[in-house]
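> Fold the following and give me the result.
(one chain, ligands or ions: 2)
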Amino acid sequence: MLTGSCLCGTVSYAIDGLDMPIGHCHCLTCQKAHASAFATTAGVLREHFRWTQGEDRLSCYESSPGKVRRFCSVCGSQLIAERPGQPHVILRVATLDQDPGARPAQHIWTSHDRPWLTTAEDVPIYPEWPSGR
Ligand SMILES: [Zn+2]
Ligand SMILES: [Zn+2]
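Ligands and ions are numbered 1, 2, ... in the order given. As a prediction, this is how the structure comes out:
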């Protein structure tokens, strides 16, 4: 079992594991929803997913017809997206509290990439703040 939570800790969930490959979605809707260059997601079957705390504090937004994004109404963390008819939810992998073990299998919708998104090799990488800051 793995657990996940929002930034403020109001909402938490548990999963039995990821049921589909991890992918980075670069679509414009994910960019806006996550305020990020892309969103890292993976499908989890509904019977393998359960809210463990704060479900009543969730808010949601239907970002395209039939697709509902659920997020903490206190801190705004995106937690899952779902289409009610589908057997799985689309987990926001960065909200997991443990390493799921799997590694990303693909990037999708890179046609929506912003000009300022560069590959990791293009810019210096620091494990925390840059030295001398
Ligand atoms: Zn929260
Ligand atoms: Zn997307």
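
> what helix or strand is the closest residue to residue 1 other than its chain neighbours on?
Of all residues not flanking residue 1 in the chain, residue 14 sits nearest, at 5.6 Å (C-beta to C-beta, 6 or more residues apart in numbering). Using the backbone N, CA and C atoms, a C-beta is placed for each residue, glycine as well. Using DSSP states H and E, residue 14 sits in strand 12-15.

> Work out the sheet partners of that strand and label each with its direction, please.
When pairs are called by DSSP bridges, strand 12-15 turns out to pair with strand 2-5 (antiparallel), strand 49-53 (antiparallel).

> Out of those strands, flag the one nearest residue 78.
Evaluated over the strands paired with strand 12-15, closeness to residue 78 peaks at strand 2-5, with 11.3 Å, by C-beta to C-beta.

> For the closest one, which outside residues touch it?
With contacts defined as C-beta atoms under 8 Å, 6 or more residues apart in numbering, strand 2-5 is touched by 11-17, 52-53, 79, 91, 95-98, 100.

> One more: stretch 77-91?
By C-beta under 8 Å, 6+ apart, stretch 77-91 touches 4, 6-8, 11, 13, 15, 18-20, 33-34, 39, 41-46, 49, 58, 63, 66-72, 92, 95.

> For the most far-flung residue of the chain relative to its centre, which three-state class applies?
Seen from the C-alpha centroid of the chain, the residue lying at the greatest distance (C-alpha atoms, centre = their mean) is residue 132, 32.3 Å away. What DSSP: H, G, I helix; E, B strand; the rest coil gives for residue 132 is coil.

> Enumerate every residue touching it.
With C-beta under 8 Å, 6+ apart, residue 132 has no contacts at all.

> What about the contacts of stretch 77-91, which are in strands?
Among the contacts of stretch 77-91, DSSP state E puts 4, 13, 15, 39, 41-45, 49, 58, 63, 67-72, 92 in strands.

> The residue nearest to residue 1: neighbour count?
Neighbour count for residue 14, taken as other C-beta atoms under 10 Å: 15.
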